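Asks: what follows is a predicted structure for the sequence shown.
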Amino acid sequence: MTEPGQAKDFLSQMILIREFETIAEGLTLRGKVPGGMHNSSGQEAVAVGVMAALKDEDAIASTHRSHHHSIARGMSTQSMMAELFTKSTGCSRGRGGSMHLVDLSRNYFGGNGIVGAGVSIAMGLALGIHILKKNSIAVGFMGDGAINTGRTWESINMAVIWNLPLLIVIDNNQYAVETFMDRVTGGKDFVARAKSFGMSAEVIDGQNVEEVYEATARARERILAGEGPQLINAVTYRYFGHNVGEVGKYRTQEEISDWKSNKDPIDNWISNLLAKKMITEDEISEIRENAKLEIGKAVEFAEASPFPDTNTVADDVDSGSLLRQL
Amino acid sequence: MEEIFVPALGVSAENVYLQKWLKAPGDAVQPGEAIAIVETDKAELEITSNTAGIMGKHLFNEDTDVAVGITICVLLHEGETEN
Ligand SMILES: Cc1ncc(C[n+]2csc(CCOP(=O)(O)OP(=O)(O)O)c2C)c(N)n1
Ligand SMILES: [Mg+2]
């Protein structure tokens, strides 16, 4: 069992993510977030469990749905919110928006807009770790939609034949935009497919933060022991549409409310901790209050920050301008 | 109180055209009911409520442009009044 301090950290982080997404969703509908955003509500336990099992020296690449990964890796919610607003104080200086949350000081290579690219980027990071003989791993997140993408398996194949320190985590919310994974996945079994490439793989309950944490810790150990790439298929659910404002008719109301009321990662973790007397109602209220305060401050910071100066539009577009800043 | 506004969806224009109010101040509104029709440069869009309530004042007239994200009216819940 997780020790009490960490158990509360899991809860604080999941609640902080839920609060960030709830506020950011509303602001996006109000036109404050150019380009929109992908809401991760419902998937908090995958992000928090994985990140808690990683070390500072591990390198991570995310997907287009990355807010939960970013917060769980410890990114500043102010620099994230400012980036959503495309303000100059954002982590990508307002150039990237919601899909380009990144913090290299945390070895967090962040999100991107290409389905399956997190796997390829992480494979490259794992190759770097291997060449430099570091004692760490690279983690690539992917959605279930990336299970049928060529670059995913090209990257995994290379990681297997070179025995790279790579962990792939499928943030499997079961839908790619409007498409249910079973309808488009030959064999339907992600773990079997991964194993056929010669790697270890397992399916876990992505709504149980402790299970995610333990599976990640085990996989990390195996990788460091030289057992090669590992894959975790974490089954989860997204509560909102693919994009903010999407009106979805492809999932039934019964399905959505079943996940929300019976499998919610935050509610279930709270019940678990209360049953074990590891937390009090007062502590839970305080955690919720702190999350509200922090995200409130993040919004204030983003609102008050300036947009990038148009004279800087050509900065950062080629490696020369990046090198000149070093 | 629910604030009703034209949601920013994807890369829509900054302004939309308020074509028609479907509810008048004082009307009862059910969740999901259409309150107004707006036109973007691409399509006609119904603005709907999330909750049940009583319509407040129209904050914009028909046949005008309104900015995306700006409140166009409120729905009053039990015991609430408009200020
Ligand atoms: C190569 C590529 N193809 C298509 C798209 C358009 N697209 C963006 S997200 C998405 C669905 C991804 O689904 P999934 O991998 O399950 O992630 P989720 O959105 O569920 O988190 C698609 C098809 C894209 N961004 N990149
Ligand atoms: Mg998906």
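Replies: Now that the structure is in, tell me what you want to look at. Ligands and ions are numbered 1, 2, ... in the order given.
Asks: may I see the buried residues of stretch A:94-107?
Replies: The neighbour-count check on stretch A:94-107 (16 or more other Cβ atoms under 10 Å in any protein chain shown) flags A:94-103, A:106-107 as buried. All C-beta atoms are positioned from the backbone trio N, CA, C, and that covers glycine.
Asks: can I get the residues you listed in CSV including distance to ligand 2 and secondary structure?
Replies: Written out in CSV, the entries for the buried residues of stretch A:94-107 read as follows (distance: Cβ to the ion, whole Å; DSSP: H, G, I helix; E, B strand; the rest coil):
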residue, distance to ligand 2, secondary structure
A:94, 28, coil
A:95, 26, coil
A:96, 21, coil
A:97, 20, helix
A:98, 16, helix
A:99, 15, helix
A:100, 20, helix
A:101, 18, coil
A:102, 21, coil
A:103, 24, strand
A:106, 25, helix
A:107, 25, coil
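Asks: list of residues touching the lowest-mean-pLDDT helix or strand in chain B?
Replies: Using mean pLDDT, DSSP states H and E, strand B:44-48 stands out as the lowest-scoring helix or strand of chain B, at a mean of 88. Strand B:44-48 is contacted by residues B:4-6, B:16, B:19, B:22, B:32-39, B:72 when judged by Cβ atoms under 8 Å, 6 or more residues apart in numbering or on different chains.
Asks: of these - the most surrounded one?
Replies: residue B:6 (25 neighbours; other Cβ atoms under 10 Å in any protein chain shown).
Asks: that one contacts residue B:66, doesn't it?
Replies: Yes. Residue B:6 sits in contact with residue B:66 when judged by Cβ atoms under 8 Å, with a separation of 6.2 Å.
Asks: in chain A, which residue is most central in space?
Replies: Chain A has residue A:69 as the residue nearest its centroid, 2.8 Å off, counting by Cα atoms, centre = their mean.
Asks: which stretches in chain A count as strands?
Replies: Ranges of strands in chain A, per DSSP state E, are A:59-61, A:138-143, A:166-172, A:175-176, A:179-180, A:200-205, A:230-235.
Asks: closest one to ligand 2 among those?
Replies: Of all the strands of chain A, strand A:138-143 sits nearest to ligand 2, with 3.9 Å by Cβ to the ion.
Asks: show residues contacting that closest one.
Replies: Residues external to strand A:138-143 that are found in contact with it (Cβ under 8 Å, 6+ apart): A:50, A:54, A:58-66, A:69, A:115-116, A:118-123, A:125-126, A:128-129, A:152, A:155, A:164-173, A:176.
Asks: 7 Å - rerun?
Replies: Contacts of strand A:138-143 from elsewhere in the structure, counted by Cβ atoms under 7 Å, 6 or more residues apart in numbering or on different chains, are A:50, A:54, A:58-63, A:65, A:69, A:115-116, A:118-119, A:121-123, A:125-126, A:129, A:152, A:165-171, A:173, A:176.
Asks: can you check stretch A:282-291 too?
Replies: The set of residues external to stretch A:282-291 that reach it, using Cβ under 7 Å, 6+ apart, is A:11-12, A:15-16, A:19, A:270.
Asks: and of these, the nearest to chain B?
Replies: Using Cβ to the nearest Cβ, the shortest approach to chain B within the contacts of stretch A:282-291 belongs to residue A:19, at 19.3 Å.
Asks: residues from the stretch 201-326 of chain A in reach of chain B?
Replies: For the stretch 201-326 of chain A, the residues in contact with chain B (Cβ under 7 Å from any Cβ of the partner chain) are residue A:245.
Asks: for residue A:37, which non-adjacent residue is spatially closest?
Replies: Beyond its immediate neighbours in the sequence, the residue positioned closest to residue A:37 (Cβ to Cβ, 6 or more residues apart in numbering or on different chains) is residue A:98, lying 3.9 Å away.
Asks: residues touching the one you found, list them.
Replies: Each residue near residue A:98 by Cβ under 7 Å, 6+ apart is listed here: A:33, A:35, A:37-38, A:84.
Asks: tell me how many other residues crowd residue 77.
Replies: No chain was given, so I picked chain A. Applying other Cβ under 10 Å, we find 24 residues neighbouring residue A:77.
Asks: the intended chain is chain B.
Replies: Residue B:77: 12 neighbours (other Cβ under 10 Å).
Asks: what sits against it?
Replies: Contacts of residue B:77 by Cβ under 7 Å, 6+ apart are B:1, B:51, B:53.
Asks: please report the distance of it from residue B:2.
Replies: Between residue B:77 and residue B:2 the distance is 7 Å, computed by Cβ to Cβ, to the nearest Å.
Asks: quick check: neighbours shared by these two?
Replies: Between them, residue B:77 and residue B:2 share the neighbouring residues B:51, B:53, with contact defined by Cβ under 7 Å, 6+ apart.
Asks: let me see the contact set for the closest residue to residue A:292 other than its chain neighbours.
Replies: Among residues not flanking residue A:292 along the chain, residue A:19 sits closest, at 6.1 Å (Cβ to Cβ, 6+ apart). Going by Cβ under 7 Å, 6+ apart, residue A:19 touches A:291-292, A:295.
Asks: can I get those in CSV including distance to ligand 1?
Replies: Listed next are the contacts of residue A:19 as CSV, based on distance: Cβ to the nearest ligand atom, whole Å:
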residue, distance to ligand 1
A:291, 23
A:292, 26
A:295, 22
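Asks: mind checking which of the residues you listed are in helices?
Replies: The helices, defined by DSSP state H, take in A:291-292, A:295 from those.
Asks: quick check on the contacts of residue B:77: which are buried?
Replies: residue B:53.
Asks: could you list which of the contacts of residue B:77 also contact ligand 1?
Replies: Counting by Cβ under 6 Å from any ligand atom, the subset of the contacts of residue B:77 that neighbours ligand 1 is empty.
Asks: just the closest of the contacts of residue B:77 to residue A:192, please.
Replies: The closest of the contacts of residue B:77 to residue A:192 turns out to be residue B:51 (Cβ to Cβ; 46.1 Å).
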